[in-house]
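> Below is the structure, and that's it, no one-letter string:
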Ligand code: LLP
């Protein structure tokens, strides 16, 4: 459920009419609903209320400081994967002891920074990383809390580019090696193992792959405890999918997910962490764009809009579907049309949707891409020298630009022409 609904035929974000935002900030833009973000993070907290838990929002899905502050103020932790994300979490007011650091390539500088300002745990992804962290922590005279991200070799049954839990993927340490790795951690002076981490992929639409992975984690917990390790925390990753197509079936709900977590690992008495991104932010955001031209092609009509693949890359990158809806609802009896919806970028891949049935549209009409709050703005680029598009946050009847559109001066000003040219 989200808070983007039609009122008197006009699409609103909570109590704000989308055309009003468009007039103020121009198109294209992203708009997020505070109420939806709050509702979604709350659903996970509720789903895990049977255990001590921390819901760590995956910052990579939407890293705007206002979004992080809103979620952090509700008690959420943050899952970060880079110095930039770590700095964002801190800047949003999230204390270090609610930040977990994931990622296969943490640098020594990132480790040092997190150990200086505070960290809940590092999720280790390899043995060289484990030794590097122990070294950095020892140099600093501190002990780094760690989990090992295990790769359980299960098929997440999602898009190949976002599946992470198979042995051929670069992520984690093979679960069969985990006992040896924990044994080595116990000998390293700078590390203390506090738990186990697993994340098998993103946009999962079934619980079964999670269940298989978590059962393996439960078995490993018991084996490690028998080996004498104090495993008190399980980080179960993110990955629960969202309904991108409203007309299609819906993935499991957080409450069902929480129940499955309880069934698989509840008996262990561990503190539970999860790292949801998409389910929290995905359906809390729209990308709004306007039609530049309606172009009649041979066999199909093109809707050329002012957003491009640089603004929302998911369709080009993963063949992802986003529902596309008009901002002004069609009047009964309005003509229907079938469009290829494309951006202005000079690549055929700059196609958001093919043969999509919509109400017939004209130049300057506004349309909205649903489910664009996760992996939208964060994956944008300035390809074709197009300035990044603004982000807007709505709360009730208020809205504010939470990242402004850069000016062309800002954009060009970042380049330098050497004096010897
Ligand atoms: N934890 C870890 C370690 C992750 O790598 C990810 C996502 C998450 C949590 C959050 O997963 P979520 O709950 O959002 O599914 N750009 C792609 C998605 C990449 C996901 C990468 N890792 C897309 O647009 O679909």
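Received the coordinates, thanks. As the structure is a prediction and not an experimental result, all values here were calculated from the model.

> ok, residues contacting stretch 115-125?
If you take Cβ atoms under 8 Å, 6 or more residues apart in numbering as the criterion, stretch 115-125 is touched by 54, 77, 86, 90, 95-104, 106, 111, 114, 130, 133, 136-137, 140, 142, 144-149, 171-173, 194-195, 197, 233, 235. Glycine gets a C-beta too; all of them are placed from N, C-alpha and C.

> What about the ligand: which of those touch it?
Within the set of the contacts of stretch 115-125, contact with the ligand (Cβ under 6 Å from any ligand atom) is found for residue 102.

> I figured residue 186 was touching residue 229, is that so?
Yes. Using Cβ atoms under 8 Å, residue 186 is in contact with residue 229, at 6.8 Å.

> Identify the contacts common to the two.
Counting by Cβ under 8 Å, 6+ apart, the residues touching both residue 186 and residue 229 are residue 193.

> Looking at these two, which is more packed in?
Neighbours were tallied for residue 186 and for residue 229 using other Cβ atoms under 10 Å; the higher tally belongs to residue 229 (20 against 14).

> isn't the more buried one right next to residue 182, touching?
Yes. Look at residue 229 against residue 182 with Cβ under 8 Å: they come within range, at 5.3 Å.

> joint contacts of those two?
With Cβ under 8 Å, 6+ apart as the test, residue 229 and residue 182 both reach residue 193.

> Which residue ranges make up each domain of this structure?
For the chain, automatic domain parsing gives the domain ranges 4-31+283-413, 34-280.

> and residue 421, which of the ones you listed is closest to it?
The minimum distance between residue 421 and those falls on domain 4-31+283-413, with 15.6 Å, by Cβ to Cβ.

> Quick one, grab the pLDDT at the residue nearest the centre of the chain.
Nearest to the mean C-alpha position of the chain, counting by Cα atoms, centre = their mean, stands residue 61 at 2.1 Å. Per-residue pLDDT puts residue 61 at 98.

> and what of the one 3 residues further on?
At residue 64, the pLDDT value in this model is 99.

> Got the phi and psi for it?
For residue 64, the backbone dihedrals (degrees, to the nearest 10) come out as phi -60, psi 140.

> Would you confirm that it contacts residue 402?
Yes. Using Cβ under 8 Å, residue 64 is in contact with residue 402, at 5.4 Å.

> shared neighbours of the two, which are they?
In contact with both residue 64 and residue 402: 32, 391, 393, using Cβ under 8 Å, 6+ apart.

> Show me those residues that map onto helices.
With helices taken from DSSP state H, there is no overlap with the shared contacts of residue 64 and residue 402.

> Out of those residues, flag the one nearest to residue 338.
residue 32 (30.3 Å).

> on that earlier part again, out of the domains of the chain, which is the most enclosed?
Among these, ranked by average contacts under mean count of other Cβ atoms under 10 Å, first place goes to domain 34-280 (a mean of 20).

> now that domain, how far from the centre of its chain.
Mean C-alpha position of domain 34-280 versus that of the full chain (Cα atoms, centre = their mean, to the nearest Å) differs by 13 Å.

> oh, and call the first residue 63 from now on, that's how I've got it
In the new numbering, first residue 63, that becomes domain 96-342.

> what residues does this structure put near the ligand?
Near the ligand, when you scan the chain using Cβ under 6 Å from any ligand atom, you find 120, 122-123, 141, 164, 224, 261, 264-265, 299-301, 337-341, 376, 380, 436-437.

> Please enumerate the helices of the stretch 163-312 of the chain.
Along the stretch 163-312 of the chain, counting by DSSP state H, counting those that start in this stretch, helices occupy 170-179, 189-202, 240-249, 270-288.

> Format those as TSV; extra columns: mean pLDDT.
Formatted as TSV, those follow (pLDDT from 0 to 100):
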stretch	mean pLDDT
helix 170-179	98
helix 189-202	98
helix 240-249	98
helix 270-288	98
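
> Turn these into CSV, columns for distance to residue 89.
Formatted as CSV, the helices of the stretch 163-312 of the chain follow (distance: least, Cβ to Cβ, whole Å):
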stretch, distance to residue 89
helix 170-179, 37
helix 189-202, 43
helix 240-249, 50
helix 270-288, 38
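
> Can you say which of those helices is nearest to residue 416?
helix 270-288 (29.5 Å).

> Now do the closest one: everything it contacts.
So helix 270-288 is contacted by 212, 214, 216-219, 227, 237, 240-241, 244, 258, 260, 262-263, 266, 293, 296, 298, 301-302, 319, 322-323, 325-327, 329-330, 332 (Cβ under 8 Å, 6+ apart).

> same check, this time on stretch 403-414
354, 364-374, 377-378, 384, 386, 402, 415, 418, 429, 431, 445-446, 448.

> For whichever residue of the stretch 163-312 of the chain sits closest to the ligand, what are phi and psi?
As assessed by Cβ to the nearest ligand atom, the ligand sits closest to residue 300 within the stretch 163-312 of the chain, at 2.8 Å. Torsion angles at residue 300 (phi, psi; degrees, to the nearest 10) stand at phi -110, psi -150.

> got the contact list for residue 174?
198, 202.

> ok, 6 Å please
By Cβ atoms under 6 Å, 6 or more residues apart in numbering, the contact set of residue 174 is residue 198.

> Please identify which helix or strand holds residue 117.
Taking DSSP states H and E as the criterion, residue 117 maps to strand 115-120.

> Give the rounded mean pLDDT of that strand.
Rounded mean pLDDT across strand 115-120 is 98.
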